[in-house]
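Make a model of this:
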Amino acid sequence: MSVAVQIKEPETDVRAAMRELGLKARAAARELANAPAETKNRALHAAARLLRERAAEILAANALDLAEARVKNLSPALIDRLALDPVRIEAIARGLEAVADLPDPVGRVLATFTRPNGLVIERVATPLGVVGVIYESRPNVTADAGALCLKSGNAVVLRGGSDSFHSSAAIHACLVEGLKEAGLPEAAIARAPFASREAVGEMLKGLDGALDVIVPRGGKSLVDRVQREARVPVFAHLEGVVHVYVDRAADLDKALKLVVNAKMRRTGVCGAAETLLVHRAAAPRLLGPLIDALIQAGCAVRGDKAAQEADARVTRASEEDWRTEYLDAIIAARVVDSLEAAIDHIETYGSHHTDCIVTEDKAAAERFLRQVDSAIVIHNASTQFADGGEFGFGAEIGIATGRMHARGPVGVEQLCSFKYRVRGDGQVRA
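Alright, predicted model coming up:
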């Protein structure tokens with residue numbers, strides 16, 4: 001019998017079971033904080049091997065989730081997020097190996113200084129403790145979050161959504177087996193075996209003080225709830241209203257390639273472009289070809305008067321369109337009078353996630369990179385690079401748009417805090 005058939009939500013007291021998970025995770029976190037890098041890496045490599053060995057079982061579990069998703073009439077973008085295939089499973093396994101190959105972030109000496117009285121003070125990276133991750137339809141988050149937390153010496157409590165219930169459970173089983181092979185506590189990567197919203201509520205309360213931070217990965221309603229109700233710190237972004245600004249000095253061929261990729265490579269990711277801005281001076285040369293390329297790629301375009309005049313297939317954009325994260329093959333297009341106007345538009349309507357300028361004018365690019373207050377700002381590259389793996393982090397637990405501690409892709413370094421180690425030789429304070 002396959003793993004997919006065996007996975008069921010247990011009939012038990014959700015509140016008590018979640019708090020028990022938290023207690024065990026807290027105990028595991030103390031052990032992980034001092035685990036050698038080689039031991040953590042061994043667990044990750046074992047999990048990657050098991051993902052490949054159990055690929056058929058994982059796909060069978062995913063097939064159950066996909067069948068349920070179609071019955072629920074989930075959007076194509078959500079189904080794409082949920083779907084696994086051999087290529088995606090291999091990518092998940094390689095992601096685990098990439099995290100294992102990263103330098104161990106725990107114990108890094110971040111700064112050293114000596115005081116006039118002879119005290120030697122070091123700032124040293126330490127794990128956060130126990131991380132709670134609440135996510136929806138992406139089963140790969142199970143592996144990414146588990147791997148990043150393990151590598152950074154944190155225990156993690158995972159609560160995947162009902163849409164990915166079977167897939168996440170099958171992937172989680174590989175992670176747990178990897179922990180066992182390495183001699184690490186199984187509770188280091190815990191999974192809430194409940195699809196009910198009650199489990200989310202218990203995590204937002206902090207599991208009786210067990211959780212140190214929560215990371216939500218999902219739609220706006222989930223993130224909004226977490227940010228409103230969480231009693232512990234949150235690393236998150238509410239939405240990704242991502243802009244591509246095509247400047248007056250943009251190269252047409254480069255702009256065509258970047259805009260289509262930024263929008264259409266995968267429309268359901270948070271780094272997908274949602275708004276196209278074009279400098280008015282460049283519009284006669286660039287706007288029509290850009291709109292045509294998007295439409296030819298299967299993207300619907302909603303635009304202002306100038307965009308509609310450039311192509312009759314463009315439908316009128318409403319005020320709400322400038323604020324919308326479509327996560328679909330739709331983009332809003334507008335002509336702006338200047339670089340300053342583009343930056344003002346992004347500040348007014350954006351979400352501080354990822355924004356891009358396409359230009360050959362280096363001074364304009366540097367001004368954009370300096371003045372746009374987003375977690376990720378890009379010059380002449382697709383916004384779809386807004387991803388921890390593409391940043392060399394191995395994977396990401398999410399992208400944070402806040403200004404405290406972690407910002408941008410949250411990888412192993414961002415999952416660490418620090419402490420001070422002070423060494424003296426009998427000094428006393430007057």
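
what's near enough to touch residue 251?
By C-beta atoms under 8 Å, 6 or more residues apart in numbering, the residues touching residue 251 are 358, 360. C-beta: built from backbone N, CA, C; applies to glycine.

And residue 55, by the same measure?
Going by C-beta under 8 Å, 6+ apart, residue 55 touches 86, 89.

do you know how far it is from residue 141?
Separation of residue 55 from residue 141 (C-beta to C-beta, to the nearest Å) stands at 18 Å.

Sketch out the low-pLDDT regions of the stretch 1-150 of the chain for me.
The model of the stretch 1-150 of the chain has pLDDT under 70 over residues 1-11.

Could you rerun that using 50?
For the stretch 1-150 of the chain, applying pLDDT under 50 flags the ranges 1-7.

What ranges does it have for its strands?
109-114, 120-127, 130-135 (DSSP state E, counting those that start in this stretch).

what would these look like in a markdown table with mean neighbour count?
Shown next, in a markdown table, are those (neighbours: other C-beta atoms under 10 Å):
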| stretch | mean neighbour count |
| --- | --- |
| strand 109-114 | 10 |
| strand 120-127 | 17 |
| strand 130-135 | 28 |
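
Nearest to residue 367, out of those strands?
strand 109-114 (31.3 Å; C-beta to C-beta).

How far away from the center of its chain is stretch 394-407?
Relative to its parent chain, stretch 394-407 has a centroid offset of 7 Å by C-alpha atoms, centre = their mean, to the nearest Å.

again but with stretch 124-131, I slipped
Remark: stretch 124-131 is offset 19 Å from the chain centroid, using C-alpha atoms, centre = their mean.

For it, which outside residues touch it?
22, 25-26, 29, 32-33, 105-110, 145, 149, 152-157, 210-215, 397, 413, 415-421.

measure the closest residue in space to residue 91 that isn't next to it in sequence to residue 133 for me?
Excluding the flanking residues, the one nearest residue 91 by C-beta to C-beta, 6 or more residues apart in numbering is residue 140, at 7.8 Å. When distance is defined by C-beta to C-beta, residue 140 is 12 Å away from residue 133.

same deal with residue 43?
18 Å.

Could you do residue 387 as well?
Distance from residue 387 to residue 133, by C-beta to C-beta: 17 Å.

How about residue 197?
16 Å.

And for residue 283?
Look at residue 283 and residue 133: by C-beta to C-beta, they are 44 Å apart.

Residue 151 too?
Distance of residue 151 to residue 133, given as C-beta to C-beta: 14 Å.

can you check residue 142 too?
Applying C-beta to C-beta, the value for residue 142 to residue 133 is 9 Å.

any residues in contact with both of these two?
Common neighbours of residue 142 and residue 133 (C-beta under 8 Å, 6+ apart) are residue 158.

dump the residue contacts of residue 387.
269, 271, 396, 409.

can I get the strands of the stretch 1-150 of the chain in CSV with distance to residue 402?
Shown next, in CSV, are the strands of the stretch 1-150 of the chain (distance: least, C-beta to C-beta, whole Å):
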stretch, distance to residue 402
strand 109-114, 21
strand 120-127, 20
strand 130-135, 16
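
nearest to residue 71, of those?
Nearest of those to residue 71, taken as C-beta to C-beta: strand 130-135 at 21.1 Å.

distance between the closest one and the chain's centre?
Remark: strand 130-135 is offset 12 Å from the chain centroid, using C-alpha atoms, centre = their mean.

tell me the domain boundaries of this structure?
3-235+410-421, 242-385 (automatic domain parsing).

Show me what counts as buried in stretch 242-259.
242-250, 255-256, 258-259 (16 or more other C-beta atoms under 10 Å).

Skipping its backbone neighbours, what lies nearest residue 44 in space?
Closest residue in space to residue 44, ignoring its immediate chain neighbours: residue 100 at 3.9 Å, by C-beta to C-beta, 6+ apart.

Might one say that that neighbour is in contact with residue 45?
Yes - with contact defined as C-beta atoms under 8 Å, residue 100 counts as touching residue 45 (5.6 Å).

Who has more neighbours out of those two?
Neighbours were counted for residue 100 and for residue 45 using other C-beta atoms under 10 Å; residue 100 has more, 22 against 18.

Contacts only, for the more buried one.
Shown in contact with residue 100 (C-beta under 8 Å, 6+ apart): 40, 41, 44, 45, 48, 147, 151, 394.

what's the closest of the residues you listed to residue 219?
Nearest to residue 219 out of those is residue 147 (C-beta to C-beta; 23.5 Å).

What separation do you get for the closest one and residue 166?
Separation of residue 147 from residue 166 (C-beta to C-beta): 20 Å.

who has more neighbours, those two?
residue 147 (31 against 28).

Surely the more buried one is in contact with residue 394?
Yes - with contact defined as C-beta under 8 Å, residue 147 counts as touching residue 394 (7.2 Å).

Can you work out which residues contact both of these two?
Common contact partners of residue 147 and residue 394 (C-beta under 8 Å, 6+ apart): 95, 99, 100.

buried set for stretch 268-283?
Neighbour-count burial for stretch 268-283, counted by 16+ other C-beta under 10 Å, picks out 268-279, 282-283.

Inside helices: which ones of these?
Secondary structure from DSSP state H places residue 283 of these in helices.

Let me know the closest of the buried residues of stretch 268-283 to residue 325.
When the buried residues of stretch 268-283 are compared against residue 325 (criterion: C-beta to C-beta), the nearest one is residue 274, at 5.6 Å.

The closest one: what's it in contact with?
Residue 274 neighbours (C-beta under 8 Å, 6+ apart): 240, 241, 242, 243, 324, 325, 326, 331, 332.
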